[in-house]
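**Q** Any chance you could fold what I've pasted below:
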Amino acid sequence: MKTMNKIGIIGAGAWGTALAATVRRAGCRVTLWAREPEVVAGIRADGRNPLFLPEVRLDQVEATADLAAAADADAVLLVVPAQFLRGACRSLKPLWRPGTPALICAKGIETTSCAVMSEVLAEELPMAPVAVLSGPTFAIEVAKGLPTAVTLACADTALGQRLVEAVGTPSFRPYLTDDVIGTEMGGAVKNVLAIACGVVEGRGLGDNARAALITRGLAELMRLAVAKGARPSTCMGLSGLGDLILTASSSQSRNYSLGYALGQGQSLAEILAGRRSVAEGVASAASVVGLAARLGVEMPIAAAVDGLLHRGIGIEQSIGGLLARPFTGELGFPGLASAPSR
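**A** Numbers count the residues shown, from 1 in each chain. From the prediction side, this is the model:
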């Protein structure tokens, strides 16, 4: 028997809409909060989100513009973009019932503070037990009920199990861990790496280069995650390697497709002007590099993406800088200390 029957979802973009569909299939009552009035009206009128995933029908999902209605739940899923999570938490604070769990479904690192989302939540909603949902997920596939596996991280194992039972279905399978930081780091860093892989593809640099970027990017992800306190094994799971493989190799990925367009010669402003959905890696590039600097972690691929997006460094210069780096060892091997730099 479910111990959580009523789920609130804050954020009705593509991912929030997909989660509403799957949590409803799991047998819970769902209240979905949307910022856009036309989304609320569309779901109420014919069970469809007219702006995000209009092809997916939302049966028996209650749409609302009232935060209090969505916060009145056994658990609340926070599905706003990462850079807006702090503001959403501040709006929710006077409405939040102490002890109601918050399941973070945003992937990113805050640009102003270099904080991960669980740290933001702890500052703004300290009365909320925290959990994180992350992994290789394209919203449309989740919404359609296609087989998907994700990581659900919670320091309280009993609470984590209750959340798994609340949102899990035969086709949406959460795997439980207590490594919250490791789960968050994978979801944030892979978005930056996916942009790099898109640039490689858009520039026509070949599959070898993309495979190298994924592998060396994973090494960067692991270094940063471990420095932040994560277990290395978490980075090799669904929320790390799994999510990286998905988003760094498919045009369905908003971050990969953005990188591809950059590689084809479009400017960042042109790309963003034609999009409604958020590519989290754009904002996270700067915060990942900032966090790495604070922790003393070298992340050349992430730094190259940040330079390309935010510091006016051209693609050829970014690629040349990576290729000119000294030869080194792999996965902790000390490398060629006496070799000349190149």
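
**Q** list the contacts for Arg216?
**A** Shown here is Arg216, whose contacts under the criterion Cβ atoms under 8 Å, 6 or more residues apart in numbering are Ile301. Every residue, glycine included, has its C-beta placed from N, CA and C.

**Q** err, Thr137, not the other one
**A** With contacts defined as Cβ under 8 Å, 6+ apart, Thr137 is in contact with 15, 18, 148, 150, 243, 246.

**Q** Excluding chain neighbours, what is closest to the last one?
**A** In space, Leu246 comes closest to Pro136 once its chain neighbours are excluded; the distance is 3.8 Å by Cβ to Cβ, 6 or more residues apart in numbering.

**Q** roughly how far apart are that neighbour and Gly320?
**A** Pro136 sits 32 Å away from Gly320, taking Cβ to Cβ, to the nearest Å as the criterion.

**Q** the more surrounded of those two?
**A** More neighbours surround Pro136 than the other of Pro136 and Gly320, with 22 against 11 (other Cβ atoms under 10 Å).

**Q** Mind checking which of the contacts of Thr137 land in helices?
**A** When the contacts of Thr137 are checked against helices (DSSP state H), the matches are 15, 18, 243, 246.

**Q** quick one: Asp74 from Gly263, how far?
**A** 45 Å.

**Q** Of the two, give the one with the bigger neighbour count.
**A** Neighbours per residue (other Cβ under 10 Å) separate Asp74 from Gly263, with Gly263 holding more: 22 against 19.

**Q** ok, and the closest non-adjacent residue to that one?
**A** In this structure, Gly263 finds its nearest non-sequential neighbour in Gly202, 2.2 Å apart by Cβ to Cβ, 6+ apart.

**Q** so who does that neighbour touch?
**A** Contact criterion Cβ under 8 Å, 6+ apart gives 259-264 as the residues in contact with Gly202.

**Q** Tabulate the residues you listed (a markdown table), appending secondary structure.
**A** A markdown table is the format used below for these (DSSP: H, G, I helix; E, B strand; the rest coil):
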| residue | secondary structure |
| --- | --- |
| Gly259 | helix |
| Tyr260 | helix |
| Ala261 | helix |
| Leu262 | helix |
| Gly263 | helix |
| Gln264 | coil |
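
**Q** Of these - the most surrounded one?
**A** Gly259 (31 neighbours).

**Q** Any regions of this protein where pLDDT drops low?
**A** In the predicted model, the chain carries pLDDT under 70 at residues 1-2, 331-342.

**Q** Which stretches in it count as strands?
**A** Listed in chain order, the strands of the chain (DSSP state E) span 6-10, 29-33, 61-64, 75-78, 102-104, 130-134, 148-153, 172-177.

**Q** Make CSV out of those and add distance to Thr111.
**A** Formatted as CSV, the strands of the chain follow (distance: least, Cβ to Cβ, whole Å):
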stretch, distance to Thr111
strand 6-10, 20
strand 29-33, 24
strand 61-64, 29
strand 75-78, 18
strand 102-104, 17
strand 130-134, 19
strand 148-153, 23
strand 172-177, 27
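
**Q** Arg254: which of these is closest?
**A** Each of those has some distance to Arg254 by Cβ to Cβ; the shortest is strand 130-134, at 15.6 Å.

**Q** what are the C-alpha coordinates of the closest one, in PDB please?
**A** The C-alpha coordinates for strand 130-134 follow below in PDB (Å, rounded to 0.1, in the frame of the first residue of the first chain):
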ATOM      1  CA  VAL A 130      15.500  16.400   0.600                       C
ATOM      2  CA  ALA A 131      15.800  13.800  -2.200                       C
ATOM      3  CA  VAL A 132      17.100  14.000  -5.700                       C
ATOM      4  CA  LEU A 133      15.900  12.400  -8.900                       C
ATOM      5  CA  SER A 134      18.300  12.300 -11.800                       C
END
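
**Q** Now do the buried residues in it.
**A** Of all the residues in strand 130-134, those buried under the rule 16 or more other Cβ atoms under 10 Å are 130-134.

**Q** Check what contacts that strand and list those residues.
**A** By Cβ under 8 Å, 6+ apart, the residues outside strand 130-134 that reach it are 77, 101-105, 107, 117-118, 121-122, 150-155, 159-160, 163, 167, 174, 180, 183-184, 186-187, 238-239, 243.

**Q** Can you say which of the contacts of Thr137 are buried?
**A** In these, burial by neighbour count holds for 15, 18, 148, 150, 243, 246, counting by 16+ other Cβ under 10 Å.

**Q** What's opposite the fourth one in the beta bridge?
**A** In other words, Val150. In this structure, Val150 has beta-bridge partners Pro174, where bridges are defined by DSSP bridges.

**Q** what separates it from Val164, distance-wise?
**A** Plainly put, Val150 is 10 Å away from Val164 if you go by Cβ to Cβ.

**Q** re earlier: so which of the buried residues of strand 130-134 is the closest to Lys228?
**A** Val132 (13.5 Å).

**Q** what's the distance between the closest one and Lys6?
**A** 21 Å.

**Q** same check, this time on Leu103
**A** Using Cβ to Cβ, one gets 13 Å for the distance from Leu103 to Lys6.

**Q** before we move on, back to that, mutual contacts of Val150 and Val164, please.
**A** With Cβ under 8 Å, 6+ apart applied, the overlap between the contact sets of Val150 and Val164 consists of Pro174.

**Q** Which members of the contacts of Thr137 are the farthest-apart pair?
**A** The widest separation within the contacts of Thr137 (Cβ to Cβ) is 15.3 Å, between Ala18 and Asp243.
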